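Asker: let me see the structure of the following:
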Amino acid sequence: MKNMVLLRKLRAVLFHLSEYMLTKITAATTWGMQAYPIDVEVDLSYGMLQFHIVGLPDAAIRESKQRIMTALKQCGFRLPERKIIVNLAPADSKKEGTLFDLPIALGILHESGIITLSADHVHNTLFLGELSLDGSIRPVKGILPIVCDMVRMKKSRLIVAPHNAQEAAIMNTCEVFGVHHLTDLVSYIRGEKALFPVTACHQYTDARRNTWVYDMADIRGQRMAKRALQIAAAGRHNILLVGPPGSGKTMLAQRLAHLMPPLTFSEMVETSKVYSISGKLLEGSLITERPFRSPHHTISAAGLIGGGITPMPGEVSLAHNGILFLDELTEFKRTTLEVMRQPLENQLVHIARVHYTVSFPAACLLVAALNPCPCGFLDDTQRTCSCRAHQVKNYLQQISGPLLDRIDLQVAAVSLSYSDIEECKDDRMSSAALYAHIERAVARQLDRFGIPGVWNSSMSVGDIERYCILTDRARMMTKQAFERLRLTMRGYHKLLKVARTIADLEDAEEIDGIHVQEAMSYRALDRMLERQG
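Answerer: Just a heads-up that it's a prediction; the model follows:
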């Protein structure tokens, strides 16, 4: 009888304890550019030794069972033979990646009684990291977007791998601890070992352009192309370079990135978040120079604008706040180029899946280059073109009208003779001289719109009517251009935007006829198509 009473009491104690045998640890993940908290719930119950992860995990998370159990064994932690259930909440959203390894392992250790997590660890701390089989903590992707949203998620401490710690410490939004090994983290939780917050190695501020790694003075001649690049940099206008092979189109594009104003700190963070999600961010450093992305013409549509089973940024987003250079434009698949129309217009990429949609920024400046014909020597003064008229027409028409409408400037890059090279020795436009006018034009746009990052190229129809004030001569020339070049309304607005930037470079309040005339001169491909009938 006495034994029966003791047994009932023991069962009551076990039942009472089972009500609290549930551990909840906070982790986080990224969907697009936003971070979202994920509750990692761990329960150990009596039953056959099993390990289940629920909550729509992907293959990498399902495989974490083997990584975690092996890492715990290698670290010397002996777990009770229990049924392990892990739930990633909210359970109706798909989870991807390996960043949940660490919180799952800590939840199992807490449930097993090997460690005791304090309320501060449970409510105020994010644990993120992948576990190696030996228990070392490996870095994961997407830390920068997560740490940028720490305040919104009401978390004050982040524990990650050392490689991620420097990246997270840049933002100074929370305490960041870098931990090499699971045993080090267990010793810290037990109070046996101290960890110290990581401080950023670099301090970033808004910079000013004072160095010229790629100087326009390195390129002889090409005065019209250099002027067009100056306009593109000042007003953030997409540009197309048309010229024979070897005329310097790639060199001109590379130097355009250094003609653009330096990145502000907010632009550095925005750009670095894209690279962090892609796993391309260097340890402990932001992207401080404007990106220059030059994908090969064999790239797929998903590689260009982003996509995949787990949507990731494409080249358009990796070029955010920088330059996307598409060399040999007509060699790209037409279907690949057509998917760029919406990102070029809205400066955003929307990738839709059955259960969710993610967005990535795409405020890049498009620089495209192509040869004027299949052989490359149409209108070349040095070599003779061997292409027939219908070949040239078919070649140029590989670029659709709607895509061409989204390119503000079309300029010819001409080949030089030996005498031209000699004459240009002392006549070189330097990047510093071009940038002095660009800086003033950028300042005028900031005064006009009152918001950093808003350019003439992104003016709305209302802004065009308000700020593109034409003189009588300019209005007459605009009418002639509209009729002769058969412009669409988008093309008409592009013409006015370019003329507005040219006027800003000349410190002019009104757009005069000379500004419209120069804007009309940057329609090289339109004139070629017009000649081909």
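
Asker: read off the pLDDT value for Leu7.
Answerer: As predicted, Leu7 sits at a pLDDT of 49.

Asker: got it, and Ala412?
Answerer: 87.

Asker: same check, this time on Thr310
Answerer: 80.

Asker: Tyr435 contacts Leu259, correct?
Answerer: Yes - taking CB atoms under 8 Å as the definition, Tyr435 is a contact partner of Leu259 at 6.0 Å. C-beta here means a position set from N, CA and C on the backbone, and glycine is covered the same way.

Asker: so what sits against both of the two?
Answerer: Ala233 (CB atoms under 8 Å, 6 or more residues apart in numbering).

Asker: helix, strand, or coil at Cys375?
Answerer: coil (DSSP: H, G, I helix; E, B strand; the rest coil).

Asker: now stretch 379-394: average pLDDT?
Answerer: Rounded mean pLDDT across stretch 379-394 is 84.

Asker: buried set for that stretch?
Answerer: 379-380, 385, 387, 392-393 (16 or more other CB atoms under 10 Å).

Asker: quick check: the farthest pair among these?
Answerer: Asp380 and Lys393 (18.0 Å; CB to CB).

Asker: how about the buried residues of stretch 379-394 in TSV, adding secondary structure?
Answerer: Listed next are those as TSV, based on three-state DSSP:
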residue	secondary structure
Asp379	coil
Asp380	coil
Cys385	coil
Cys387	coil
Val392	helix
Lys393	helix
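
Asker: output these as a markdown table; include the columns distance to Gly306.
Answerer: Putting the buried residues of stretch 379-394 into a markdown table (distance: CB to CB, whole Å) gives the following:
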| residue | distance to Gly306 |
| --- | --- |
| Asp379 | 37 |
| Asp380 | 38 |
| Cys385 | 38 |
| Cys387 | 36 |
| Val392 | 34 |
| Lys393 | 34 |
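
Asker: tell me the one of those residues nearest Gly284?
Answerer: The closest of the buried residues of stretch 379-394, once distances to Gly284 are taken by CB to CB, is Asp380, at 49.1 Å.

Asker: list phi and psi for that closest one.
Answerer: phi -80, psi 130 (degrees, to the nearest 10).

Asker: Leu158 in helix, strand or coil?
Answerer: Classified using three-state DSSP, Leu158 is strand.

Asker: and if you look at Glu518?
Answerer: Glu518 - assigned by three-state DSSP - is helix.

Asker: I'd say it and Ala503 touch.
Answerer: No - using CB under 8 Å, Glu518 is not in contact with Ala503, being 9.8 Å away.

Asker: what about the two, which has more around it?
Answerer: Ala503 (27 against 19; other CB atoms under 10 Å).

Asker: shouldn't that one be within a helix?
Answerer: Yes - under three-state DSSP, Ala503 sits within a helix.

Asker: how close does it get to Gln445?
Answerer: Using CB to CB, to the nearest Å, Ala503 is found at 11 Å from Gln445.

Asker: domains for the protein, by residue range?
Answerer: Domain assignment for the chain by automatic domain parsing gives 17-189, 216-531.

Asker: out of these, the one nearest Leu195 is which?
Answerer: domain 17-189 (4.8 Å).

Asker: and the pLDDT at His121?
Answerer: pLDDT, His121: 85.

Asker: grab the nearest non-local neighbour of it.
Answerer: With CB to CB, 6 or more residues apart in numbering as the criterion, His121 has its nearest non-adjacent residue at 6.8 Å, and that residue is Ile189.

Asker: and what of Gln166?
Answerer: That would be Gly284: by CB to CB, 6+ apart, it lies 2.9 Å from Gln166.

Asker: so where's the stretch 201-350 of the chain shaky on pLDDT?
Answerer: For the stretch 201-350 of the chain, the stretches with pLDDT under 70 are 203-212.

Asker: top helix in the protein by residue count?
Answerer: Scanning the chain for the helix with the most residues, using DSSP state H, yields helix 431-449.

Asker: list the buried residues in that helix.
Answerer: For helix 431-449, by 16+ other CB under 10 Å, it's 431, 434-435, 437-438, 441-442, 444-445, 448-449.

Asker: now the residue lying closest to Met260 once chain neighbours are set aside, what are its backbone angles?
Answerer: Distances taken as CB to CB, 6+ apart place Ala233 nearest to Met260, at 4.8 Å, with adjacent residues excluded. Main-chain torsions, Ala233, degrees, to the nearest 10: phi -70, psi -40.

Asker: swap in Phe292?
Answerer: phi -130, psi 100.

Asker: I'd say it and Thr250 touch.
Answerer: No - the pair Phe292 / Thr250 is not scored as a contact, 10.8 Å apart, by CB under 8 Å.

Asker: now for those two: what residues contact both?
Answerer: Contacts common to Phe292 and Thr250, judged by CB under 8 Å, 6+ apart, are Phe325.

Asker: what packs against the longest strand belonging to the chain?
Answerer: Taking DSSP state E as the criterion, the chain has its longest strand at strand 34-45. Secondary-structure packing of strand 34-45 (3 or more CB pairs under 8 Å, 6 or more residues apart in numbering; DSSP states H and E): strand 23-31, strand 83-89, helix 101-111, helix 143-148.

Asker: so which bits of that strand are buried?
Answerer: In strand 34-45, counting by 16+ other CB under 10 Å, buried: 35, 37-38, 40-44.

Asker: strand partners (parallel or antiparallel) of it?
Answerer: strand 23-31 (antiparallel), strand 83-89 (antiparallel) (DSSP bridges).

Asker: alpha carbons of stretch 147-166, in CSV - could you do that?
Answerer: C-alpha atoms of stretch 147-166 as CSV (Å, rounded to 0.1, in the frame of the first residue of the first chain):
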residue,chain,number,x,y,z
VAL,A,147,20.6,42.6,-37.3
CYS,A,148,19.1,45.6,-39.0
ASP,A,149,15.6,44.5,-37.8
MET,A,150,16.7,43.5,-34.2
VAL,A,151,15.0,46.6,-32.7
ARG,A,152,11.8,45.8,-34.5
MET,A,153,11.9,42.2,-33.3
LYS,A,154,12.6,43.5,-29.7
LYS,A,155,15.9,41.6,-29.3
SER,A,156,19.0,43.1,-27.7
ARG,A,157,21.6,40.3,-28.1
LEU,A,158,22.8,38.2,-31.0
ILE,A,159,25.0,35.1,-30.8
VAL,A,160,26.5,33.9,-34.0
ALA,A,161,29.7,32.5,-35.5
PRO,A,162,32.8,34.8,-35.4
HIS,A,163,32.7,35.2,-39.2
ASN,A,164,29.2,36.7,-38.9
ALA,A,165,29.9,38.7,-35.7
GLN,A,166,31.9,41.4,-37.5
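
Asker: from the chain's centroid, how far away is that stretch?
Answerer: 20 Å (CA atoms, centre = their mean, to the nearest Å).

Asker: ok, residues contacting that stretch?
Answerer: So stretch 147-166 is contacted by 26, 28, 34-35, 37, 102, 120, 124-130, 137-140, 143, 146, 167-168, 171, 173-180, 185, 198, 200-201, 269, 273, 283-285 (CB under 8 Å, 6+ apart).

Asker: just the buried ones from the residues you listed, in ChimeraX syntax?
Answerer: Remark: buried members of the contacts of stretch 147-166, expressed as a ChimeraX selection using 16+ other CB under 10 Å:
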select :26,28,35,37,102,125,126,127,128,129,130,137,138,139,140,143,146,167,168,171,173,174,175,176,177,178,179,185,198,200,269,273,284,285
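
Asker: the contacts of stretch 147-166 in strands, which ones?
Answerer: Per DSSP E, the contacts of stretch 147-166 map to strands at 26, 28, 34-35, 37, 125-127, 130, 137-138, 175-178.

Asker: and which of the residues you listed is nearest Val461?
Answerer: Distances from Val461 to the ones in strands among the contacts of stretch 147-166, taken by CB to CB, are shortest for Gln34, at 30.5 Å.

Asker: spit out the contact partners of that closest one.
Answerer: Contacts of Gln34 by CB under 8 Å, 6+ apart are 145, 149.
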